[in-house]
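1. Sequence plus the predicted model coming up.
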Number of protein chains: 2
Amino acid sequence: MDLHQPEQIISDILAKQNNLSTVAFVGCGASKADLYPAYYLLLHNSRSIRVGHFTANEFVYDTPSWVDDTTLVISASLGGTTPETVHANAVAKERKAHVVSLTQTKGSALTKDADHVIIHRFSENYAAKLEKMGYAMALASELLHRKEGWAGYEKMKAGFDRIYDLAQKSAESVKKDATAFAQAYKDAPVIYLMSSGASMEVAYSTSICLMMEMQWINSGYFHAGEFFHGPFEIVEKGVPFILMMNDGPTRHLDARALTFLERFDAKTTVIDALDYGLASAVDKEVINYFNPMLLVAVFRVYAEELSYARQHPLTKRRYMWKLEY
Amino acid sequence: MDLHQPEQIISDILAKQNNLSTVAFVGCGASKADLYPAYYLLLHNSRSIRVGHFTANEFVYDTPSWVDDTTLVISASLGGTTPETVHANAVAKERKAHVVSLTQTKGSALTKDADHVIIHRFSENYAAKLEKMGYAMALASELLHRKEGWAGYEKMKAGFDRIYDLAQKSAESVKKDATAFAQAYKDAPVIYLMSSGASMEVAYSTSICLMMEMQWINSGYFHAGEFFHGPFEIVEKGVPFILMMNDGPTRHLDARALTFLERFDAKTTVIDALDYGLASAVDKEVINYFNPMLLVAVFRVYAEELSYARQHPLTKRRYMWKLEY
């Protein structure tokens, strides 16, 4: 990850428009989820920037009234061909917004209406899969620093220097646990996902992408803080849950859900950022934002093992890439 | 619903703090979901107000840095005793935010740290269940009007004059369809919910509250715009879906999902705002925001019929009201 790029991009945009007022994060599925930590960072820390997080087609069909040349649109698509996100870029551009797009594919359709493109890696290793998330947060952190002098800025930079190695090493260390998980969950009729804080949409993308899309397993997801306001009534002995625990301010919410799951003998798998030494790698003040990167890397191994145990490759699809819809 | 109350409350708050910059909507479960249309209205239409939507315990444990006397916190809890939301009010008050709380219970714990309380009805009939949602939107619309002179303001007021009767009549008209739905879905191993636009969290609360909490049925939910980016791979003949269709800008997203569900013979139930004449009752420009009110009222009858068919009362619980957690 090259931090000069987000720095330069934010500099260029602020040179053109000093009154940047609003940031819209736009994507679909896992790419939308990868933008959530950056959204969460701005939502919780900025005192002046307005911020929204949109699935691309909602941005296209019910475009917020305020999209104009004071708006920064940060969009993402892995391959750069997601039609709805490509369309959202066009809408943003037509409204004179500043468009920054994250994709792994140079020259892809997504780059057409983007003022700035960041090419991230994905397939190289577990750490590479986190670059999309990392670049989005680097853009958010840079903007916040430049506009408001955010105290967390240098700590985010230091965190970016360390998180990729930590995430890669953590992922490489979990094969045994992941294999046990796969054996225990391979015949589960439904699997629920839970997390909180900046990791909420890791639970989301794990549920709708890794489980439903890539394994055809029934799945639901919710915020650990919402668990006690509905979903917990589904719990009884053996109901399968995956809890992605955060180290940081929302840990209490995750821990409270865990206590309940254990009390009533749910089938519970915990992926806990604390187990991988996140706190020793990144500053306490910004730890919240690095949880999702660690959790994504580690859980990828669990998903791979699940796919082997079920003899259902992660790339197998019924519809995607096969037909028009 | 008495529109003078939201008018007076926003007047009082703006008299004290003319620089109101941010609105935080805070609640848990169905009460959080009931605040979503108001959040969506402000997010899409305001050019100056910053806005966030939080599950209460995340607001408590990871309180946004900006909460101060320029913040309006709008919180909701049906009975007014939800501990996390009561706690969130205390946090907001301590930070000198202006707190408006919606509850059906005068003098409940939620009212303790609220500067303003709106008592809504709930149990009287189907329409009464919409007042929480309606008051939250009336507060949002009033604030937007006073701060920015929103063009939709008078149209929202006219809509509030008609939506309750329309929703009540619509609910009363669907018993036959609801009974057929209940027979078709009573043994479903899992039920998925989908919607879009301002109705997104109607799908959410229907999934986590009506299905998981009140019927102990496995369930998942997602945005119709996200359907094609993961969840649609779960579709095959007979997989049970409920699609809550909106009349308005995001209708295309719902319709596209429906086409796919029908193409692959999913077991699909559609609740469509268009079928109940929403467009003849409210102005096109603000129709988006009235979809969730209509959908909640109509689907309540479906949920009741499901509970009869399954001989599982909507009030039956394993844990809630029975133990500490």
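-> Right, received. Where do you want to start?
2. the longest helix in chain A is where?
-> In terms of residue count, the longest helix belonging to chain A (DSSP state H) is helix A:287-309.
3. can I get the CA coordinates of that helix in CSV?
-> Output in CSV follows, covering the C-alpha atoms of helix A:287-309 (Å, rounded to 0.1, in the frame of the first residue of the first chain):
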residue,chain,number,x,y,z
ILE,A,287,-7.7,0.3,16.8
ASN,A,288,-11.4,0.2,15.9
TYR,A,289,-10.6,0.8,12.3
PHE,A,290,-8.0,-2.0,11.9
ASN,A,291,-10.3,-4.7,13.3
PRO,A,292,-12.1,-5.2,10.0
MET,A,293,-8.8,-5.7,8.1
LEU,A,294,-7.6,-8.4,10.5
LEU,A,295,-11.0,-10.1,10.6
VAL,A,296,-11.3,-10.2,6.8
ALA,A,297,-7.8,-11.8,6.4
VAL,A,298,-8.3,-14.4,9.1
PHE,A,299,-11.8,-15.4,8.1
ARG,A,300,-10.7,-15.9,4.5
VAL,A,301,-8.9,-19.0,5.6
TYR,A,302,-12.0,-20.2,7.4
ALA,A,303,-14.0,-19.7,4.2
GLU,A,304,-11.4,-21.6,2.2
GLU,A,305,-11.4,-24.5,4.6
LEU,A,306,-15.2,-24.6,4.5
SER,A,307,-15.2,-24.7,0.8
TYR,A,308,-12.8,-27.7,0.8
ALA,A,309,-14.8,-29.5,3.5
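4. Pull out the buried residues from that helix.
-> The neighbour-count check on helix A:287-309 (16 or more other C-beta atoms under 10 Å in any protein chain shown) flags A:287-307, A:309 as buried. C-beta here means a position set from N, CA and C on the backbone, and glycine is covered the same way.
5. Please see if it touches chain B.
-> Yes. For helix A:287-309 and chain B, the contact criterion (C-beta under 8 Å from any C-beta of the partner chain) is met by A:Asn288.
6. wait, doesn't A:Ala56 sit right on B:His223?
-> No. The pair A:Ala56 / B:His223 is not scored as a contact, 10.6 Å apart, by C-beta atoms under 8 Å.
7. of the two, who's got more company?
-> Legend: neighbour count by other C-beta atoms under 10 Å in any protein chain shown for A:Ala56 and B:His223, higher for A:Ala56 (28 against 25).
8. Which secondary structure element is home to the nearest residue to the more buried one once chain neighbours are set aside?
-> Nearest in space to A:Ala56, with sequence neighbours left out and distances taken as C-beta to C-beta, 6 or more residues apart in numbering or on different chains, is A:Glu84 at 3.8 Å. Under the assignment given by DSSP states H and E, the secondary-structure element containing A:Glu84 is helix A:83-94.
9. what sits up against that helix?
-> By C-beta atoms under 8 Å, 6 or more residues apart in numbering or on different chains, the residues outside helix A:83-94 that reach it are A:24, A:26-28, A:31, A:54-57, A:59-60, A:63, A:67, A:71, A:73, A:75-77, A:80, A:99, A:101, A:109-110, A:112-114, B:225.
10. Among those residues, which are located in helices?
-> Those of the contacts of helix A:83-94 mapping onto helices are A:31, A:56-57, A:59-60, per DSSP H.
11. and of those residues, the nearest to B:Ala203?
-> The shortest approach to B:Ala203 among those belongs to A:Asn57, at 15.6 Å (C-beta to C-beta).
12. Tell me, how many residues neighbour that closest one?
-> By the criterion of other C-beta under 10 Å, A:Asn57 has 28 neighbours.
13. do the same with A:Thr268
-> With neighbours defined by other C-beta under 10 Å, the count for A:Thr268 comes to 19.
14. pLDDT at it, what is it?
-> Taken from the predicted model, the pLDDT recorded for A:Thr268 is 98.
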